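A.B. asks: Fold the following and give me the result.
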Amino acid sequence: MANKFDYDIGIIGAGAAGLTVASGAAQLGARTLLIEKEEKLGGDCLHFGCVPSKTLIRTAHVRHMMKNAGEYGLPGVDLPPVDFRDVTARIKSVIDEIQKHDSEERFCSLGAKVEFGNAEFLDDHEIMLNGRKVSARSWVLATGSSPFIPPVQGLDSTPYITNREIFYMDRLPSSMAIMGGGPIAIEMAQAFCRLGTKVTVIQRDGQILSREDRDLAEAVMSIMASEGVRFILNAEVTKVRDLGGEREVTVASSTRADTVVAEVLLVATGRAPNVSGLMLDNAGVEHSPGGIVTDARLRTNRKHIYAAGDSTGKYLFTHAAGYEGGIVISNAIFHLPRKADYTHLPWCTYSDPELASIGMNEARAAEKGIHYSVWTERFSANDRSLAEGERDGVAKLILDEKERPLGIQILGPRAGELISEWVAVMNGSVKLSTIAGAIHPYPTLGEINKRVAGSYLTPKIFSDKVRRGLKFFFNLKGRACG
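C.D. replies: Predicted coordinates for the structure are as follows:
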């Protein structure tokens with residue numbers, strides 16, 4: 001009976017979720033099969049997402065610092081044009097270094113069987129892979145997501161790029177039109193503007209970064225606009241056209257029509273879960289274009305088939321996928337019921353300054369009808385921030401009626417690192433008084449976390465009620481001494 005199936009667990013997709021499950025399952029002794037349709041392991045994050053984008057952003061940041069050297073007491077520099085082939089070479093070198101950890105050899109050494117190809121379900125236990133049948137007791141669908149391509153007139157006959165091509169172009173484009181205003185669009189808009197490209201962002205909504213509070217999103221937009229990025233909001237792309245060496249984008253809003261002409265068109269209008277091509281109907285797995293349906297334990301309606309990562313369409317973050325991989329291991333390998341909990345899921349948009357968040361912001365608290373208060377601390381009052389010339393930004397703490405943290409957003413230098421203290425605080429139910437009373441090294445950007453917690457406590461400590469109580473105590477003590 002033990003050998004009824006070829007494998008104990010089969011994983012389709014070798015991104016963050018799939019690699020997490022494969023590593024854990026193999027090391028625990030399960031007969032593990034890892035299947036990837038691309039030529040290398042690592043998924044979208046390593047090859048077309050997080051890693052290349054952050055590498056590019058760093059390069060753009062260095063050039064921006066060189067361009068503004070005068071602000072730091074250094075002589076100005078006339079910078080030559082960017083050779084994007086050199087930028088691409090650096091991106092590839094970083095990917096190659098990380099690839100060693102996500103290599104076929106490493107996972108084989110852990111005990112997993114690695115195969116490349118397209119998997120199609122024959123039933124809920126068996127798939128067809130490279131012309132042969134393979135079975136597993138349990139399956140994990142970790143197939144990730146792909147760029148969502150909107151149904152815009154002319155787009156199918158007009159050359160465009162997505163995150164899959166943008167890091168590997170032969171040269172830096174002179175101009176770029178970007179459809180979308182989410183994290184990918186914003187990060188790439190600022191980076192390419194800093195490298196020397198004329199960038200226009202076209203956003204359907206009335207603000208960029210629509211998941212974030214409007215005041216913080218507008219602050220990011222204002223900074224980017226000051227650097228030269230053009231924004232067109234509340235606008236819809238109605239038509240695109242190939243002009244040969246350029247692309248023409250027709251934009252319509254409630255008040256006017258506009259035309260944007262650019263050398264390159266970047267489509268960054270969101271992500272679509274990879275659910276087609278798996279023949280999931282043969283396995284009886286419930287799914288839709290929005291993703292594979294799972295319960296809190298990440299089981300599909302076929303309880304021995306799990307889904308994790310972008311394929312579920314829920315939280316499209318690499319760190320969420322890795323977390324979900326751990327949930328699958330608990331349920332599928334240890335058979336210990338464990339539910340996914342996204343209450344304290346952090347995320348970060350790597351603009352400059354960065355915008356990081358955990359828990360609820362004002363918009364979500366208001367949507368749920370929660371009474372809240374807002375406490376802020378600005379980076380312009382942080383000594384390390386001033387020393388580094390990083391004056392823009394704010395830490396914004398949201399408290400509920402019982403004055404417990406609902407969430408915090410940090411717009412500022414290295415906000416993605418600073419939010420990590422709040423990951424520990426919120427997951428550990430740490431009191432604000434503990435943060436405010438803890439010793440933080442000086443001078444550091446991290447002091448802003450201590451200060452924003454203190455901004456809530458200060459009015460209580462120095463209140464009239466406390467002063468009256470102390471005055472009574474001192475008077476009483478004075479009489480006793482006399």
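A.B. asks: just the strands in the stretch 201-350 of the chain please.
C.D. replies: Counting by DSSP state E, counting those that start in this stretch, the stretch 201-350 of the chain has strands at residues 230-232, 236-242, 247-252, 257-262, 264-267, 271-273, 287-288, 291-292, 305-307, 346-349.
A.B. asks: Let me have the ones you listed in TSV, adding distance to Ile408 as columns.
C.D. replies: Just so you know, the C-beta spots here come from the backbone N, C-alpha and C atoms, and that holds for glycine as well. Compiled in TSV, the strands of the stretch 201-350 of the chain are given as follows (distance: least, C-beta to C-beta, whole Å):
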stretch	distance to Ile408
strand 230-232	27
strand 236-242	34
strand 247-252	36
strand 257-262	37
strand 264-267	31
strand 271-273	26
strand 287-288	34
strand 291-292	28
strand 305-307	30
strand 346-349	10
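A.B. asks: Could you dump these into CSV and include mean neighbour count, distance to Phe167 and mean pLDDT?
C.D. replies: Output for these, formatted as CSV (neighbours: other C-beta atoms under 10 Å; distance: least, C-beta to C-beta, whole Å; pLDDT from 0 to 100):
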stretch, mean neighbour count, distance to Phe167, mean pLDDT
strand 230-232, 18, 23, 97
strand 236-242, 17, 22, 97
strand 247-252, 20, 19, 97
strand 257-262, 15, 18, 94
strand 264-267, 24, 11, 98
strand 271-273, 21, 17, 97
strand 287-288, 16, 30, 96
strand 291-292, 24, 26, 98
strand 305-307, 28, 28, 98
strand 346-349, 21, 18, 98
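A.B. asks: Give me the neighbour count for His440.
C.D. replies: By the criterion of other C-beta atoms under 10 Å, His440 has 16 neighbours.
A.B. asks: wait, is it part of a helix?
C.D. replies: No - if the criterion is DSSP: H, G, I helix; E, B strand; the rest coil, then His440 is coil and not within a helix.
A.B. asks: What pLDDT is listed against it?
C.D. replies: Model confidence at His440, given as pLDDT, is 97.
A.B. asks: For it, what are phi and psi?
C.D. replies: Backbone torsions for His440, taken as degrees, to the nearest 10, come to phi -110, psi 140.
A.B. asks: show me the contacts for the residue lying closest to Thr343 once chain neighbours are set aside.
C.D. replies: Leaving aside its sequence neighbours, Thr343 sits nearest to Gly359 (C-beta to C-beta, 6 or more residues apart in numbering; 7.3 Å). By C-beta atoms under 8 Å, 6 or more residues apart in numbering, Gly359 lies in contact with 343-344, 398, 405-408, 422, 426.
A.B. asks: So which of these are in strands?
C.D. replies: 398, 405-408 (DSSP state E).
A.B. asks: from these, which two are the most distant?
C.D. replies: By the measure C-beta to C-beta, Leu406 and Ile408 form the most distant pair in the ones in strands among the contacts of Gly359, at 8.5 Å.
A.B. asks: Which one of the two is surrounded by more residues?
C.D. replies: More crowded of Leu406 and Ile408, by other C-beta under 10 Å: Ile408, with 27 against 21.
A.B. asks: partners of that one in the sheet?
C.D. replies: Beta-bridge pairing for Ile408 (DSSP bridges): Ile358, Leu397.
A.B. asks: now it: how far from Gly389?
C.D. replies: Here Ile408 is placed at a distance of 24 Å from Gly389 (C-beta to C-beta, to the nearest Å).
A.B. asks: do the same with Arg451
C.D. replies: On the measure of C-beta to C-beta, Arg451 and Gly389 end up 19 Å apart.
A.B. asks: So which of the two has more stuff around it?
C.D. replies: The neighbour comparison of Arg451 against Gly389 (other C-beta under 10 Å) goes to Arg451, with 20 against 12.
A.B. asks: Show the subsequent helix or strand relative to the helix or strand in which Ser109 is found.
C.D. replies: Here Ser109 sits within helix 104-110, counting by DSSP states H and E. Note on helix 104-110: by DSSP H and E, the next helix or strand toward the C-terminus is strand 113-116.
A.B. asks: strands paired with that next one, and their directions?
C.D. replies: strand 32-36 (parallel).
A.B. asks: which residues are in contact with whichever helix or strand comes after the strand it pairs with?
C.D. replies: Moving toward the C-terminus from strand 32-36, the next helix or strand (DSSP H and E) is helix 43-48. Identification of contacts with helix 43-48 by C-beta under 8 Å, 6+ apart yields 13-16, 18-19, 38, 40, 51, 95, 98-99, 102, 144-146, 163-164, 167, 310, 318.
A.B. asks: shared neighbours, Leu406 and Ile408?
C.D. replies: Common neighbours of Leu406 and Ile408 (C-beta under 8 Å, 6+ apart) are 359, 398.
A.B. asks: just the angle between the longest strand anywhere in the chain and strand 32-36, please?
C.D. replies: With secondary structure taken from DSSP E, the chain has its longest strand at strand 132-141. In terms of direction (axes from the mean of the first three to the mean of the last three C-alpha atoms, to 10 degrees), strand 132-141 departs from strand 32-36 by 90 degrees.
A.B. asks: If you count neighbours, what's buried in strand 132-141?
C.D. replies: For strand 132-141, the neighbour count (16 or more other C-beta atoms under 10 Å) marks 134-141 as buried.
A.B. asks: Need the residues that contact it.
C.D. replies: Contacts with strand 132-141, where a contact means C-beta under 8 Å, 6+ apart, come from 4-13, 17-18, 21, 33, 122, 124-128, 278, 280, 283, 285, 292, 300, 304-308, 311, 328, 332.
A.B. asks: need the next SSE after it, C-terminal direction.
C.D. replies: Downstream of strand 132-141, the first helix or strand assigned by DSSP H and E is strand 145-147.
A.B. asks: wait, Leu406 sits on Tyr372?
C.D. replies: Yes - the pair Leu406 / Tyr372 is scored as a contact, 6.0 Å apart, by C-beta atoms under 8 Å.
A.B. asks: Mind listing the shared neighbours of the two?
C.D. replies: Counting by C-beta under 8 Å, 6+ apart, the contacts common to Leu406 and Tyr372 are 360, 365, 398-400.
A.B. asks: surely Ile419 meets Leu345?
C.D. replies: No - contact criterion C-beta under 8 Å: Ile419 and Leu345 do not qualify, at 11.1 Å.
A.B. asks: what touches both of those two?
C.D. replies: Overlap of the contact sets of Ile419 and Leu345 (by C-beta under 8 Å, 6+ apart) consists of Ile358.
A.B. asks: the more surrounded of the two?
C.D. replies: More crowded of Ile419 and Leu345, by other C-beta under 10 Å: Ile419, with 23 against 17.
A.B. asks: pretty sure that one is in a strand, no?
C.D. replies: No - applying three-state DSSP, one finds Ile419 to be helix, outside a strand.
A.B. asks: Tell me the pLDDT of it.
C.D. replies: In this model, Ile419 is scored at 98, pLDDT.
A.B. asks: can you check Ser254 too?
C.D. replies: Looking at Ser254, its pLDDT is 75.
A.B. asks: and if you look at Pro151?
C.D. replies: Confidence at Pro151, expressed as pLDDT, is 97.
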